[in-house]
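Peer 1: For reference, the sequence and a predicted model appear below.
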Amino acid sequence: MKEYPYIFYPECHPIEEKLISSKNNRKGLSETFFEIKFLKYFKKYVHKNVVIDDGKRYPFKPDYVLHIPKYNLYIDIEIDEPYSLRGNIPIHTKESDDELRNRYFLERGWGIIRFAEVQIIKHPQLCCKVISEYIRNFSNDHIWLEGFQEFDDLEIVRAWNREESIRMAEKSYRKTYFNLLKTIKIAEPCITILIDGIYLNNEIRDTISVLEDVSEIQSFNKHVKNSLFLKQLCRYLHHFKTNKNLGDKIFIELAIFVSNHHSIESYSFDSELVEINNYIINIFYIRTHDFISFEITDKIRDEKLSQVMLIADDQAYPLLLENLSETHFILVRNSYSTKMPVHMNYAPLDQIIESALEIKYY
């Protein structure tokens, strides 16, 4: 009996595929939820609602295609449900049905990752870790796993047979985790924290380098933990208008941008969803192959973000920020030297990093 995640590596070199739009673009509830995390992590490489243009009248349609041209890597990412919501019909119970589909992609030089639906709803971030591990294993590029140091591995789910699928439908098994979606339904963020990961990582490295020579310090972490980092940042959030948008909670999004050519090994994701006082902070880690300053500016403009805490310091930012007059900023940067505009609101970064390193003094 197979187990999820169900993983296949390519059996041959892929041919260059032409992907075309699929006519049937419906997405299930679980897929829509998973996209919140998945598209943030891999947005430059994800294709949805596409099929391979191979001349077939009824082509196989992947739930998602992950294509990384640098590695000549195609991955078919599938989400398997135990039964259909309409009619409670057992699905993904016959090895032969999925095997035919798997064989089609493997023979074209694609990889395959199949998740159980319950996994992508309960643990979307850990599923992203599985995908990142796959890319690392395929490319031997360890940069893809940075940021996941303290995340647990995804819990294995045993595949179901037809009889088990029928029993699951009778007990409305899928509704048990769909109810979870209602509990953690993500609202539009009231405040957005955007981080230039290269700048942040350099600041963490510099702080660690200084602290190593301080005799008063007994021990400290080699990584900044995001939960402690955010606890320090929250002290400055009262400067924003914070209308509650998750019941009695204030929803915040944190996005860390890191170039594919740089590292962020000094930052540790000890949690993907941090709750501090009245704030719920949803955390994303975004790999990009463009200039981070442009990526951040595009996000602010495209999503019409009105309240932004920006952690950055680069001479490219001042001119870009001037064109975002509708956005209220708090800038977090080094206290001693900066290339950022002097007339804006600032929070010092050095104290925040030092606190997030869990320093112990004699």
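Peer 2: Received it, and whenever you're ready, just let me know what you need. All of these numbers come straight from a predicted model, not from anything done at the bench. Residues are numbered from 1 along each chain as shown.
Peer 1: Quick one: end-to-end length of stretch 133-152, please.
Peer 2: Start-to-end span of stretch 133-152 (Cα to Cα, to the nearest Å) is 13 Å.
Peer 1: Run through who's touching that stretch.
Peer 2: 7, 9-10, 68, 70-71, 73, 75, 111, 113, 125-126, 129, 132, 223, 225, 256, 258, 260, 263-265, 267-270, 272, 285, 287 (Cβ atoms under 8 Å, 6 or more residues apart in numbering). Placement of C-beta: from N, CA and C, glycine included.
Peer 1: By neighbour count, which bits of it are buried? Give me those.
Peer 2: 133-136, 138, 143-148, 151 (16 or more other Cβ atoms under 10 Å).
Peer 1: next one: it to chain centre, how far?
Peer 2: Here the centre of stretch 133-152 is set off from its chain's centre by 13 Å, with Cα atoms, centre = their mean, to the nearest Å.
Peer 1: can you pull the alpha-carbon coordinates of stretch 76-93 into PDB?
Peer 2: Included here for stretch 76-93 are C-alpha records, laid out as PDB according to Å, rounded to 0.1, in the frame of the first residue of the first chain:
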ATOM      1  CA  ASP A  76       3.500  17.300 -11.800                       C
ATOM      2  CA  ILE A  77       2.000  18.100  -8.300                       C
ATOM      3  CA  GLU A  78      -1.200  16.300  -7.500                       C
ATOM      4  CA  ILE A  79      -3.600  16.500  -4.600                       C
ATOM      5  CA  ASP A  80      -5.500  13.200  -4.000                       C
ATOM      6  CA  GLU A  81      -8.900  13.100  -2.300                       C
ATOM      7  CA  PRO A  82     -10.400   9.800  -0.900                       C
ATOM      8  CA  TYR A  83     -13.800  10.300  -2.500                       C
ATOM      9  CA  SER A  84     -15.800  12.900  -4.500                       C
ATOM     10  CA  LEU A  85     -18.000  15.400  -2.600                       C
ATOM     11  CA  ARG A  86     -20.700  14.900  -5.300                       C
ATOM     12  CA  GLY A  87     -22.000  11.400  -5.000                       C
ATOM     13  CA  ASN A  88     -19.300  10.200  -2.500                       C
ATOM     14  CA  ILE A  89     -17.600   8.200  -5.200                       C
ATOM     15  CA  PRO A  90     -14.300   6.500  -4.200                       C
ATOM     16  CA  ILE A  91     -11.300   7.900  -6.100                       C
ATOM     17  CA  HIS A  92      -7.600   7.300  -6.100                       C
ATOM     18  CA  THR A  93      -8.300   3.700  -4.900                       C
END
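Peer 1: tell me the SS of residue 134?
Peer 2: helix (DSSP: H, G, I helix; E, B strand; the rest coil).
Peer 1: now it: how far from residue 113?
Peer 2: Going from residue 134 to residue 113 by Cβ to Cβ, to the nearest Å gives 6 Å.
Peer 1: got any residues that touch both of those two?
Peer 2: 7, 75.
Peer 1: want to try a markdown table for the buried residues of stretch 133-152, with pLDDT and distance to residue 212 as columns?
Peer 2: Output for the buried residues of stretch 133-152, formatted as a markdown table (pLDDT from 0 to 100; distance: Cβ to Cβ, whole Å):
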| residue | pLDDT | distance to residue 212 |
| --- | --- | --- |
| 133 | 93 | 31 |
| 134 | 95 | 36 |
| 135 | 94 | 33 |
| 136 | 91 | 29 |
| 138 | 94 | 36 |
| 143 | 80 | 25 |
| 144 | 84 | 28 |
| 145 | 78 | 25 |
| 146 | 74 | 21 |
| 147 | 69 | 23 |
| 148 | 74 | 25 |
| 151 | 77 | 27 |
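Peer 1: what's the closest of those residues to residue 302?
Peer 2: Distance to residue 302 across the buried residues of stretch 133-152 (Cβ to Cβ) is lowest for residue 147, with 23.6 Å.
Peer 1: for residue 266, what are its contacts?
Peer 2: 201, 204-205, 208, 222-224.
Peer 1: for the stretch 51-200 of the chain, what spans make up the strands?
Peer 2: Ranges of strands in the stretch 51-200 of the chain, per DSSP state E, counting those that start in this stretch, are 64-68, 73-80, 111-116, 157-158, 191-196.
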